[in-house]
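K.L.:
The sequence and its predicted three-dimensional model are supplied below.
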Amino acid sequence: MGFIGKGLFEGMVVTARNFVGSYFDKERLVTVQYPEERVQVPENSRTFPFLVFDKDSDPVASMRCVACKICEVECPPQCIYIVMDRDEKGKPQQRPKVFDIDISVCMQCQICVEVCPFDAIKMDNNYEKSQYGRFDELVEHLPELLKSNEFYNKIKPTEATAVDAKLKADAEKKAKKAAPAAKPAATAAKPAAPAAPKPAPVAAPTAKIAIPDDAPFTPEQRQWLSGYLSTVAASGVAPAAAAPVAGTPAAPATEAPAGNWPWHDPGLGMQRRLDLAKETPIADKLMAAMAQTDCHACGYDCRGYADAIATGAETDLSLCLPGEAETANMLKKLMQEAGKL
Amino acid sequence: MDQVYKVAPQLLKFLSYLLGWLPWIGKPVAGFLSNPPAWFLLAVAIAIPILFVVSVFPGIFAYTTLVERKALGRIQNRIGPNRVGRWGLLQPIADGVKLLTKEDIVPRSADKFVHFLAPVIAVIPSVLLFSVVPVGAGLVPVDLNIGILFAFAISTASVLALFMGGWASRNKFSLLGAMRAVAQVVSYEVPMVLAAVAVVMAAGSLSTLAIAKAQGGGILNVTHWFVFRPWGFVGFILFTIGAMAESARTPFDIPEAESEIIAGYHTEYSGFKFALFQLGEYLASIAMAGITVTMFLGGYNGPGSGPGILGGLISMFWFFAKLGGMIVLTIWIRGTWPRVRVDQLMSFAWKVLLPMSIVNIVAVGMWHYIAIRPIAWVVTTLWLVLWFITLSKLAASENIEKREYRYAS
Amino acid sequence: MEIAFWILSAITVIGAILAITMRNLVHCVLSLILFFLGIAGHYLLLRADFLFAVQVLIYIGAVAVLILFAIMLTRHVTGTEGPREVLGGKWWAGMGTAVIIAGLLWAIIRKDPLAAMLPAGMASTSVTEIGRALVADWLVPFEAMGVLLTAALIGAVVIALEEVIRKR
Amino acid sequence: MEAIEKIKEIAAQAVPAAKIEIINSTPAAQQPALLVDREHIYAVGKFFKEDPRFQMDFCSCVTAVDYLPKADKSGCIEVVYHLYSVAQKQGPIVLKVRAPRELDQCRVPSLTPLWRACEFQEREAYDLYGVKFDGHPDLRRILMWDEFVDHPMRKDYVPPPDYEWEPTPHDDTLQRAVEEGGIMPPTAREELEKAKKK
Amino acid sequence: MIQPLTDAKPYTLTPGSNGVIETQTLEVSIGPQHPSTHGVFRMDCVLDGESVVALKPVMGYLHRNHEQLAERMAWLGSMPYTDRLDYFNSMTNNWAYALAVEKLAGIKVPDRAEYIRVIMAELTRLLNHSCVIGFMLQDLGAWGTPLLYAFRERERILDLYEAVSGSRMMCNYMRFGGVRVNLTDENLATAKDIATRFPRFLDEFEKLLTNNEVLLARTQRVGVLPKELAINAGISGPMARASGVDYDLRKVDKYGVYGRLEFRVPLGDIGDVYDRYYIRVLEMRESIKILQQALRDIPQGPHIAPEVKLRNFKIPPGDGYGRIEGPKGELGFYLVSDEGGKQPYRYHVRPPSFINLTILEDMCVGHKVADVVVILGSVDIVLGEVDR
């Protein structure tokens, strides 16, 4: 120790050294002049989610999202809102019609990315999202959300390469599997892989499109949706893409009207759905065991998959991705009960 | 003022020469200026120092804030203001415009008149202080023969503004700030005045100009500065501490301690009234630095300073350079030290500073009566060092202990 | 000079009147400070520089601030609006006192003008003269005053301490 | 630390009147608890704190759990204390005490006199669950504001219609916001009402 | 016996009893908007002059019913919300929650994941302690200089966090059974670099502060917390250890791989603000040691237990309490799983900064108002965690 004031003096030496150091030592002056200078963000850096599509020529058709709503369910702050696209008959298409992310609510946790079975949603690293408004300006809709796979490869090369490799491997596997399974008539017509191009949107223009009553919408949303769909259909925006893309099946075999399946609601729990389907034939029970997202992760919609299993056309019971093991186990159990396994 | 009075006719003649070219009014004005009546000369002689004080020192204030922000930034490894103009040079102007255009908020329950008066009163004493600060050889706005005393008298008046602001705001934090300010300023006045007494004894005059003059000569006009005497060095430190406390600078900024009582007495001020408070505070701080320079750091004396135009300019340079040095010192301290507590502040003033300043006066006496310089050096130094050690031990024993730490087995 | 005198006098008188008529105690003290300032200005007019500085230093810087400090610690500072009734109904007593003092002063000054009482040169070289007078000519009274004030100070501390001790 | 059965035995010997039951945690967690009746929780707590074998001087965590009535059993509010010993570096002993869900009967003795650590945590349990702790020195709301009426962590709590408008129309909250007068920008309200009329 | 209790009585702040205070006291509400309450926190102080005679902490301004949010979503869904509890130390919050869930579900964490967790937790401790000292000095009036030095170093740690987890503060990095992404060699090198660089920063920091007379005078014998009260009031973390309570969960519970790492637990004797400051400095030095060991010993292997599912994660019915030694103290999660077990039936956080506030009044009474903010700063609270 020494005299009183020594510590004070030493402190002043430290600050003086920092004062001088800040002019010469980059280690000491960590500040950057933001708008002119930017720090390179690390590859892992995440801000808000975006949706990946594969082909620049047709982002909507080539988007990977199948509107399975897993992210919507899992999102902790519930900032995602998805409406599945449907054709004029109310048959679900494999893509979202509405995909909104409220970035004022989103907390950038990337749980949606982790739970997505299709690698369709990824995290962006653009942090400059300030807007002049508090409300609609902060909701991102499908057009803003869609980003190309190239973009994804650009911002996160390592991760995107791995994802691409995985998708390719999956597609090949699916293709291999589909080939031997092509014998039964019912499956042959079904789409082969989730990565394959999606069915084209609505074909013939119709005057009025009614949203089925059991669709998971509030009356208001339903009203709006049907109005919107009608106008879209009437104005003939969609039909251009009506020509079938290679591999696109004709309408699925089960053309039963999309209705009268009270359990067809992803919001219900498994038990509740099975209860609703208690007195129905085995196909309906099987259907009720599924996740009801019509996500086509299995290659069918829920109805189709159930019918396929019931008829024996499909033997793999673990294809329902959104339902995961819960559905798989239940399917197994139901099949056992029905004595088909 | 006397000096200005002497040069005023020349100045006016020069001005008349310049204005003579103007059409219409040029001739009569030039005639008037080249041969001015006595009252006009007097008015000019009064006006010039006033204009000088009112224009130069607020300018220094404005750029002090910029330098402070820049320096604090660099001390804290930041860049500091750099958006308005190159190196942020226009920042003070932007600040001024911002403060001028801000809404002036007066609390509903405030004492409106006193609330309004306080910032005004805050500025007046601070400006008046500059009237006795010699800025160059023989250049002092008013050479009062009680210059130092005048400065102290005026600076105490500034506490009134703090009190009025704090009391009229009807805010508890303001009131606490005002109470702290009053207690602090009143107690630090004492050691400060006593530290100045030492200088006055040595210089034999209360006039600031005379004190500055007394420190001239020696090698390069430097060696006779009072700070290079044992008593002067101690006095310098005492006075600097006192001045910092008086103008509420860190580490004595407890009247406006932002982490404790928001902003103290000016919590409820906004816009230009707030700016006036800041102006008054900074001006007082700068003026106190100027007086410190005058009393201890040789004032305007420095290599090359002296009478005449060139010497005068050099002396002004030295004065402002030293003033800048003092300002930088306060900024540096502000960037380094924590704030003391209000009771520690008081006990420091009364238990350390006051005895030390009295001891210092005795040291000046010794210096005066011991004719042989080397002996005087040794004796006064010993005397001061002994007292310093004793007092610091006493002060430290109250608050500070050395600790050892153990580890769990 | 004449004008300055009148202005300062007006300030002084107005300050004095306000100091006793204001409702709000703080306003009273602020008016008192105005009054002190006026007096200080008069000193300056009389070329008594030292006295001016002392007036400002002690009366404004210390006395008034002390009063304010004391007021700040009390509860009821503000009264109702409007001027206060000084002395109640006994205004005549005040007037009488004022008249008597004015008369006495007039009588004294008339008999023996102040200018004549001052030693020559006193007014200009104030500091040195005062200093010499205090520590040479009038050393003993000066020191006695010092001792007296110190004793008063200690007494005040003792009284205050007693309060503190009693509280504990 | 002894096995929970042993601890229960010791505690039962020390406070003979107390009714003590063992409640199991999840199989993996291995933190069985002692359910003590309301009348004797204080005595049992005091015993664990002072007994040299346990010296549970550190009350780590206090909280309440709301069990709604089910078909087979009635509901209750359960207050859980996690006790540890700093002196002997052992623990936890988990004490549970149950009170009826009805607000006027929902009271248990406070353990704040034993452990200061309970002071704020019991206040929190009171605030969020409405458990009144008898003998608590300063039982006020702590997280909710003083004027708040209900106890928001109860399982049957219904939040008031002070919904702040949130742009994503992903559920019926938006509908509710319109009907119940939640906070939303006027433009949004107009649009919604227009859509409703349509 | 159940004593009848009158309803929650409105509290009054009349201090003392039998006329101890005679002069007029001043009731000052420090906060909720105040520069040094570290957020929206309020202290109702009764002042006698400048001395505090009574003080009541008032909180809840940031209350968002975190627990109920968690009870309405799946187990994983709360993980990002734990980041927001103590937003300085999201890594340790993640760990505490993951640890509690793993305890309930009986998940075995792979070795590498445990080491990664230790590295992240100790980095968090460095970050938190240095910043807390900075904030405390800010409260002491040092104009943010120590704080910004601490921020300068924190920047490097946050850069590592971003490179690893994708986010600087809201890491959301731990998962049940491990961590979300594996550490690359590059990340490990950065961590090593931080571990070698940090002692130099600490030396500079100490030179600036430890012997500073103003700091010593302001902090010694201020806000003394006696050992017995510290234990009884459930005080944990550096605050308890500054009072001499030998209780470090890293040593007591030996969770993770702390049992394999060598470090010491510094203890103070007096329990004043200075002790709390210096214990943190010493803890940082120990943390660096742990970091170096962990970086040396980290094995190769999986970073997450492969059997743990991301979605439809279920826990058998029952309850359990898991806790870790967070930088601020014992951070625990009490979880109850119901039938079904897809989401927590009860989710309770034991926040250290909330419980450490219990004795705020005891520490502050008798000191000056300027000390109150310093004592509060030395308690080290984050309002996100206090109010939840």
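P.N.:
Arrived safely.

K.L.:
Roughly how far does whatever residue of the stretch 201-350 of chain B ends up closest to chain C sit from residue A:54?
P.N.:
Going by Cβ to the nearest Cβ, chain C is nearest to residue B:206 of the stretch 201-350 of chain B, at 5.6 Å. Every residue, glycine included, has its C-beta placed from N, CA and C. Computed as Cβ to Cβ, to the nearest Å, the residue B:206 to residue A:54 distance reads 90 Å.

K.L.:
Could you identify the helix or strand that succeeds the lowest-mean-pLDDT helix or strand in chain C?
P.N.:
Counting by mean pLDDT, DSSP states H and E, the weakest-scoring helix or strand in chain C turns out to be helix C:114-117, with a mean of 60. As assigned by DSSP states H and E, the chain's next helix or strand after helix C:114-117 is helix C:126-132.

K.L.:
Show me what that next one is in contact with.
P.N.:
B:145-146, B:149, B:206, C:47-51, C:121-122 (Cβ atoms under 8 Å, 6 or more residues apart in numbering or on different chains).

K.L.:
Quick check on those: which are buried?
P.N.:
B:145-146, B:149, B:206, C:48-51 (16 or more other Cβ atoms under 10 Å in any protein chain shown).

K.L.:
could you dump those to JSON lines with distance to chain D?
P.N.:
Shown next, in JSON lines, are those (distance: Cβ to the nearest Cβ, whole Å):
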{"residue": "B:145", "distance to chain D": "66"}
{"residue": "B:146", "distance to chain D": "62"}
{"residue": "B:149", "distance to chain D": "58"}
{"residue": "B:206", "distance to chain D": "62"}
{"residue": "C:48", "distance to chain D": "64"}
{"residue": "C:49", "distance to chain D": "63"}
{"residue": "C:50", "distance to chain D": "62"}
{"residue": "C:51", "distance to chain D": "61"}
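
K.L.:
picking up where we left off before, biggest separation within the contacts of helix C:126-132, which pair?
P.N.:
The largest separation in the contacts of helix C:126-132, counting by Cβ to Cβ, is between B:149 and C:121 at 20.1 Å.

K.L.:
Tell me if the host helix or strand of residue E:125 is near chain A.
P.N.:
Element membership of residue E:125, judged by DSSP H and E, is helix E:111-140. No - applying Cβ under 8 Å from any Cβ of the partner chain, one finds helix E:111-140 separated from chain A by no less than 10.7 Å.

K.L.:
And that helix, what does it pack against?
P.N.:
Under the contact definition 3 or more Cβ pairs under 8 Å, 6 or more residues apart in numbering or on different chains; DSSP states H and E, helix E:111-140 sits against helix B:258-261, helix E:90-105, helix E:145-165, strand E:178-179, helix E:185-209, helix E:213-219, helix E:273-297, helix E:369-379.

K.L.:
Redo these as TSV? Include mean pLDDT, distance to chain D and mean neighbour count.
P.N.:
Compiled in TSV, the helices and strands packed on helix E:111-140 are given as follows (pLDDT from 0 to 100; distance: least, Cβ to the nearest Cβ, whole Å; neighbours: other Cβ atoms under 10 Å in any protein chain shown):
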stretch	mean pLDDT	distance to chain D	mean neighbour count
helix B:258-261	80	25	26
helix E:90-105	90	5	27
helix E:145-165	89	26	22
strand E:178-179	88	17	26
helix E:185-209	89	29	17
helix E:213-219	85	24	25
helix E:273-297	91	16	22
helix E:369-379	88	13	27
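
K.L.:
looking at those, which is closest to residue E:346?
P.N.:
helix E:90-105 (11.6 Å).

K.L.:
tell me the angle the closest one makes with helix E:145-165.
P.N.:
50 degrees (axes from the mean of the first three to the mean of the last three Cα atoms, to 10 degrees).

K.L.:
Helix E:90-105 packs against which elements?
P.N.:
Secondary elements touching helix E:90-105 (3+ Cβ pairs under 8 Å, 6+ apart): helix E:79-83, helix E:111-140, strand E:174-175, strand E:318-326, strand E:329-337.

K.L.:
element containing residue C:108?
P.N.:
helix C:91-111.

K.L.:
roughly how far is that helix from the heart of the chain?
P.N.:
Offset of helix C:91-111 from its chain centre (Cα atoms, centre = their mean, to the nearest Å): 19 Å.
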